[in-house]
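Q: need the 3D shape of this:
(chains A and B)
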Amino acid sequence: KAGVTQTPRYLIKTRGQQVTLSCSPISGHRSVSWYQQTPGQGLQFLFEYFSETQRNKGNFPGRFSGRQFSNSRSEMNVSTLELGDSALYLCASSFLSAGELFFGEGSRLTVL
Amino acid sequence: GQQVMQIPQYQHVQEGEDFTTYCNSSTTLSNIQWYKQRPGGHPVFLIQLVKSGEVKKQKRLTFQFGEAKKNSSLHITATQTTDVGTYFCAANNDMRFGAGTRLTVKP
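A: Below is the predicted model of the structure:
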């Protein structure tokens, strides 16, 4: 069974640009959640989608958005990038909402 | 949302010593999960605790959930170099993680 796949693995952007990250969950998993990980802040919850609906949202500005498609694949978008958005963005899928999380390898974003 | 406090932030031990990390919440939790992230890796699920006072063991790892379901601990007996990593608790009520405890082990 394939694990959680995140693309791209690495990317470099400049301030003001926008970025879209993709996450393909484990087959059969309908919940996808996103986290931002930085050295000083640990794992910060961004949002969770379940069956195409956003079920939970963290304390991030509106520049951070996401969506989930009918095949459970999810994307997150960050607009008007800031230097502080440089981080590892982790996606996790689970069979049930708030169930055991299976994480992808992450997308490492560097904003210059 | 609820806050989950995790301590200590860092722990450095000699191989063979024990290690414990604690999670505390100001509100009652429905359940708590524990994850381990190796350096350069991604978090991997270890266990979920649901019942008040629950204790679960995985080899040298012992997980406890407090009677009031407001705190939890992970204890590792006789640490090994393979235990190195960051241990996170997650209050899965709302999918928020503690700050993590980074464990380093000196051989």
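
Q: could you pull out the strands for chain B?
A: B:4-7, B:10-14, B:19-25, B:32-37, B:44-49, B:55-58, B:61-65, B:71-76, B:85-91, B:96-97, B:101-106 (DSSP state E).

Q: ok, and what's touching the second one?
A: Which is strand B:10-14. Here strand B:10-14 makes contact (Cβ atoms under 8 Å, 6 or more residues apart in numbering or on different chains) with B:19, B:21, B:79, B:101-106. Just so you know, the C-beta spots here come from the backbone N, C-alpha and C atoms, and that holds for glycine as well.

Q: show me what contacts the most centrally placed residue in chain A?
A: Centroid-nearest residue in chain A: residue A:34, 3.5 Å away (criterion: Cα atoms, centre = their mean). Contacts for residue A:34 (Cβ under 8 Å, 6+ apart) come out as A:23, A:45-48, A:66, A:74, A:76, A:89-92.

Q: mind showing which ranges of chain A have poor pLDDT?
A: Along chain A, the model assigns pLDDT under 70 to residues A:1.

Q: what does it put close to chain B?
A: A:33, A:35, A:41-43, A:45, A:48, A:56, A:58-59, A:90, A:92, A:98-106 (Cβ under 8 Å from any Cβ of the partner chain).

Q: which residues touch the closest residue to residue A:10 other than its chain neighbours?
A: Counting by Cβ to Cβ, 6 or more residues apart in numbering or on different chains, residue A:108 is the residue found nearest to residue A:10 once chain neighbours are left out, at 5.0 Å. Counting by Cβ under 8 Å, 6+ apart, residue A:108 touches A:9-11, A:87-89.

Q: for chain B, give me the ranges with low pLDDT.
A: B:1-2.

Q: what parts of it come near chain A?
A: So far as Cβ under 8 Å from any Cβ goes, chain B lies against chain A at B:1, B:33, B:35, B:42-45, B:48, B:88, B:90, B:92-100.

Q: around residue B:91, count how many other residues there are.
A: Residue B:91 is flanked by 24 other residues according to other Cβ atoms under 10 Å in any protein chain shown.

Q: tell me who's in contact with the closest residue to residue A:100 other than its chain neighbours.
A: Leaving aside its sequence neighbours, residue A:100 sits nearest to residue B:45 (Cβ to Cβ, 6+ apart; 4.9 Å). Contacts for residue B:45 were tallied using Cβ under 8 Å, 6+ apart; they are A:100-102, B:33-35.

Q: between the residues you listed, which is nearest residue A:18?
A: residue A:101 (26.7 Å; Cβ to Cβ).

Q: follow-up on the earlier one: which two in the contacts of strand B:10-14 are spaced the farthest apart?
A: Spatial extent of those (Cβ to Cβ) is set by the pair B:21 and B:106 at 17.7 Å.

Q: and residue B:82, how far from chain A?
A: 19 Å (Cβ to the nearest Cβ, to the nearest Å).

Q: for the residue nearest to the centre of chain A, give the beta-bridge partners.
A: Listed by DSSP bridges, the beta-bridge partners for residue A:34 are residue A:47, residue A:91.

Q: next one: residue A:75
A: residue A:22, residue A:67.

Q: list the contacts of it.
A: A:20-23, A:66-67, A:69.
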